[in-house]
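Asker: Sequence plus the predicted model coming up.
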Amino acid sequence: MLYRESGQFKTSYPADQAIFPIRQDRIALSLLLIAAFIVVPLVADEYWLGSILTPLLVLSLAAIGLNILTGYAGQLSLGTAGFMAVGAFAAYNLNLRLPELPLIVDFLLAGVCAAAVGMVFGLPSLRIKGFYLAVATLAAQFFIEWVFTHVGWFTNYSSSGVISAPPMTVFGLSVDTAVEKYLLTLVMVAVLALAAKNMVRSRIGRSWMAVRDRDVSAEVIGIPLLKTKLSAFGISSFYCGVAGALWTYCYLGTVEPAAFDLARSFQVLFMIIIGGVGSILGSFLGAGFIVLLPILLNNIAAMIGHGTLQADTMANLEHIIFGGLIIFFLIVEPHGLARLWQIAKEKLRLWPFPY
Amino acid sequence: MSGSSHSKVIGDVILKCDNISLSFGGVRALTNISIDVREHEVLAIIGPNGAGKSSMLNVINGVYHPQQGTVTYRGETRRAMKPHETAQHGIARTFQNIALFKGMSVLDNIMTGRYTKMKRNFLWQALYVGPNLKEEIEHREVCERVIDFLQIENIRKTPVGRLPYGLQKRVELGRALAAEPQLLLLDEPMAGMNVEEKEDMCRFILDVNDEFGTTIVLIEHDMGVVMAISDRVAVLDYGKKIADGPPEEVRANKDVIDAYLGVAH
């Protein structure tokens, strides 16, 4: 099927402002959603659902969160994992101390807690920019990790400093198998991704991008800088917080503060750099690249290298190829996979008569 | 052609700058400057480089806060007001070196100009449909009128970074116009343009002034343009005002000729 928009005339502003104005996009997305909601749970086995797809979705959500802050509002942050940790521990404590609250409310309130913490650590952003702000958010990362390790109240004085997710029920249905956890994650991620897409194409998204591109003229237009930056920190941290809660409840089950260390922050940052800074789609593509590619390389290595090379050489080769591919993609398109996809779409619109 | 060729009524003073002094460390950018701006007029501020023209605009819209003096806008006197507050009071501006949002499309840039007029909170925006969509469409219609006015319909979805310089200047004017300002500050709107682009820009400025009654303060170096479109000219030199009056009078002023215009040899 050709990717064409010719013949699809928009006769009203609502039609022109639609989230997916091109019919082929709508069809593709519907197919993708059907696949994710119906086909995957039927086909995929426990390993794929529980160990690959669920964490992939959760990390996509965290990447969306970071993309709102770094990609759209232009505030570089290394505190992503810290805000995820706030969400995880907040969800655990809400569940523990207010058991009457439904689980989804726990998740959302956990996001709100993370948003509050994110806004506090976002305050320096009014004065400092770029790499210096990244260092300031690094403080958030270390501080939050330290608090959850050293203040016993947050882990309910567990001797090992570990929290375990209790059995989950959503609307009276118990969620304990890999399929159910996958579906719960998928619903949360789909809804929040849609909300993020809507925000970035509305007034608040435009104000974030205005602050990112030219803060002086943004302010002259009437956009209050502090409020806009804090809203970006808050909403971004909300997403990270919900991601952290899902990471604990739907993926790991048992979690310690070290699961949300600086390496995790960097992992999410790499996802948006490779996927596309300032793109919701890019958050998913980047998460897919970082999570799936090592597994793919591993499988290829196992197929062709079995018996010919030693296991440790194989493992090193995988890392080398993975690193090489990252560099390759960054050179080919510094704006990420989402930009590559956009260029492909623009070319396809004119294909096969580009002139 | 003189600026008063079209019939319009110049009203009362809407902006009054009293004894403004501004310095950066030891550098005195503005010294005791008083400028009045009357409603519906086109006021040109001219002067050599470094005379303090842009600083004056920055004082008016709150980017700089003067050490001395007051700014009275619509009867309200203020010492220090943030730029986003002056925007809410109906002052818009463009910049000397284009300050568009490079990563956004022309339409989004112009829609950003509507920021202060839009009210729905982020939860409605996350939902998008319903009241938020209604609001987006309402403001889209205003922006489309601006796009239509500036004749940039064909590039509305183009990222501004890809546009040529002249069009970027026009989009920047569009972004300021989208805010429906009462006072429009233009910092060298015609710098670096060719003759045809300058003529277009002059036409737009006069049309804005005529059709919407917008008061305009502009900085410009092209004396032909200044003489043609302004109702009044103020001349700055080394942070001091050396002349203020109708274009013909200012052109004949001895001080202005010495400081800025020079003599034809």
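Answerer: Good, I have the coordinates.
Asker: so residue A:250 touches residue A:180, yeah?
Answerer: No: at 9.0 Å, residue A:250 does not count as touching residue A:180 under the criterion of CB atoms under 8 Å. Every C-beta, even on glycine, is put in place using the N, C-alpha and C of the backbone.
Asker: Comparing those two, which shows the higher neighbour count?
Answerer: Between residue A:250 and residue A:180, counted using other CB atoms under 10 Å in any protein chain shown, the more crowded position is residue A:250 (26 against 17).
Asker: if I look at that one, how far off is residue A:188?
Answerer: Plainly put, residue A:250 is 9 Å away from residue A:188 if you go by CB to CB, to the nearest Å.
Asker: same question, residue B:216
Answerer: From residue B:216 to residue A:188 the distance is 52 Å (CB to CB).
Asker: And residue A:337, by the same measure?
Answerer: 23 Å.
Asker: wait, is residue A:78 part of a strand?
Answerer: No: per DSSP: H, G, I helix; E, B strand; the rest coil, residue A:78 lies outside any strand segment and is coil.
Asker: For it, grab the count of nearby residues.
Answerer: Other residues close to residue A:78 by other CB under 10 Å number 23.
Asker: so residue A:94 touches residue A:108, yeah?
Answerer: No: Residue A:94 lies out of contact with residue A:108 (CB under 8 Å); the separation is 9.9 Å.
Asker: For the stretch 1-150 of chain B, what lies in contact range of chain A?
Answerer: Counting by CB under 8 Å from any CB of the partner chain, the residues of the stretch 1-150 of chain B close to chain A are B:61, B:63, B:82-84, B:87-88, B:92-93, B:95, B:99-104, B:108, B:111-116, B:118, B:120, B:122, B:125-128, B:132-133, B:136-137, B:140-141, B:144.
Asker: Now, of these, which are buried?
Answerer: The neighbour count (16 or more other CB atoms under 10 Å in any protein chain shown) marks B:61, B:63, B:82-84, B:87-88, B:92-93, B:95, B:99-104, B:108, B:111-116, B:118, B:120, B:122, B:125-128, B:132-133, B:136, B:140, B:144 as buried among the residues of the stretch 1-150 of chain B next to chain A.
Asker: For chain B, see how far away the closest residue in space to residue A:143 that isn't next to it in sequence is.
Answerer: What sits nearest to residue A:143 in space, not counting adjacent residues and going by CB to CB, 6 or more residues apart in numbering or on different chains, is residue A:82, at 7.4 Å. Distance, residue A:82 to chain B, by CB to the nearest CB, to the nearest Å: 23 Å.
Asker: so residue A:82 sits right up against residue A:141, yeah?
Answerer: Yes: Residue A:82 is in contact with residue A:141 according to CB under 8 Å; the separation is 4.2 Å.
Asker: neighbour count winner among those two?
Answerer: Between residue A:82 and residue A:141, counted using other CB under 10 Å, the more crowded position is residue A:82 (34 against 23).
Asker: got a list of what residue A:139 touches?
Answerer: residue A:121 (CB atoms under 8 Å, 6 or more residues apart in numbering or on different chains).
Asker: Any buried residues in the helix or strand harbouring it, and which?
Answerer: Using DSSP states H and E, residue A:139 maps to helix A:130-150. By neighbour count on 16+ other CB under 10 Å, the buried set for helix A:130-150 is A:133-134, A:136-138, A:140-141, A:144-145, A:147-148.
Asker: Just give me the neighbour total for residue A:233.
Answerer: 28.
Asker: which non-adjacent residue is nearest the residue of chain B found nearest chain A?
Answerer: Closest residue of chain B to chain A, CB to the nearest CB: residue B:87 (3.2 Å). Once flanking residues are discounted, residue B:87 sits nearest to residue A:222: 3.2 Å by CB to CB, 6+ apart.
Asker: now swap in residue A:81 and tell me
Answerer: Leaving aside its sequence neighbours, residue A:81 sits nearest to residue A:264 (CB to CB, 6+ apart; 3.7 Å).
Asker: List the residues that contact that neighbour.
Answerer: So residue A:264 contacts A:80-81, A:84 (CB under 8 Å, 6+ apart).
Asker: Could you do residue A:296 as well?
Answerer: Residue A:296 sits next to no residue when contact means CB under 8 Å, 6+ apart.
Asker: Show the model's pLDDT score for it.
Answerer: According to the prediction, residue A:296 has pLDDT 89.
Asker: And the helices in chain B, which stretches?
Answerer: All helices of chain B, identified by DSSP state H, fall at B:53-60, B:83-88, B:106-112, B:122-127, B:131-149, B:165-178, B:195-212, B:223-229, B:247-252, B:254-256.
Asker: next one: phi and psi at the residue in chain A that chain B sits nearest to?
Answerer: Taking CB to the nearest CB, chain B has its nearest neighbour within chain A at residue A:222, 3.2 Å off. Main-chain dihedrals, residue A:222, degrees, to the nearest 10: phi 120, psi 10.
Asker: So residue A:39, which state does it fall into?
Answerer: helix.
Asker: Count residues in the vicinity of residue A:171, would you?
Answerer: By other CB under 10 Å, neighbour count at residue A:171 equals 8.
Asker: cool, and residue A:196?
Answerer: Count around residue A:196 with other CB under 10 Å applied: 23.
Asker: same thing with the one 3 residues further on?
Answerer: Taking other CB under 10 Å as the neighbour definition, residue A:199 ends up with a count of 26.
Asker: buried residues in whichever strand or helix holds it?
Answerer: Using DSSP H and E, the element containing residue A:199 is helix A:178-200. Buried residues in helix A:178-200, defined by neighbour count with 16+ other CB under 10 Å: A:178-186, A:188-189, A:192-193, A:195-200.
Asker: Contacts (any at all) between chain B and the helix or strand that comes right after it?
Answerer: Heading C-terminal from helix A:178-200, the first helix or strand you meet, by DSSP H and E, is helix A:203-213. Yes: applying CB under 8 Å from any CB, one finds that helix A:203-213 is in contact with chain B at A:203-207, A:209-210, A:212-213.
Asker: Helix A:203-213 versus helix B:131-149: what angle between them?
Answerer: 50 degrees (axes from the mean of the first three to the mean of the last three CA atoms, to 10 degrees).
Asker: Return the distance of helix A:203-213 from the chain's centre.
Answerer: 20 Å (CA atoms, centre = their mean, to the nearest Å).
Asker: Equivalent analysis for stretch A:293-312, please.
Answerer: 28 Å.
Asker: and it, C-alpha only, in CSV?
Answerer: Taking Å, rounded to 0.1, in the frame of the first residue of the first chain, the C-alpha atoms of stretch A:293-312 are listed here in CSV:
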residue,chain,number,x,y,z
LEU,A,293,18.9,-4.7,19.8
PRO,A,294,21.1,-6.4,22.4
ILE,A,295,18.7,-9.3,22.5
LEU,A,296,18.7,-9.5,18.8
LEU,A,297,22.5,-9.4,18.6
ASN,A,298,22.6,-12.1,21.3
ASN,A,299,20.3,-14.4,19.3
ILE,A,300,22.2,-13.8,16.1
ALA,A,301,25.5,-14.5,17.9
ALA,A,302,24.1,-17.7,19.4
MET,A,303,22.9,-18.8,15.9
ILE,A,304,26.1,-18.2,14.0
GLY,A,305,28.7,-18.2,16.6
HIS,A,306,27.8,-21.4,18.4
GLY,A,307,30.8,-23.5,18.7
THR,A,308,33.1,-21.3,16.6
LEU,A,309,33.9,-18.7,19.1
GLN,A,310,34.2,-18.6,22.8
ALA,A,311,31.3,-17.3,24.9
ASP,A,312,33.2,-14.4,26.3
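Asker: sorry, back to before: wait, a helix at the residue nearest to residue A:143?
Answerer: Yes: according to three-state DSSP, residue A:82 belongs to a helix.
Asker: got any ranges where the stretch 151-265 of chain B has weak pLDDT?
Answerer: B:264-265 (pLDDT under 70).
Asker: mind running it again at 80?
Answerer: In the predicted model, the stretch 151-265 of chain B carries pLDDT under 80 at residues B:261-265.
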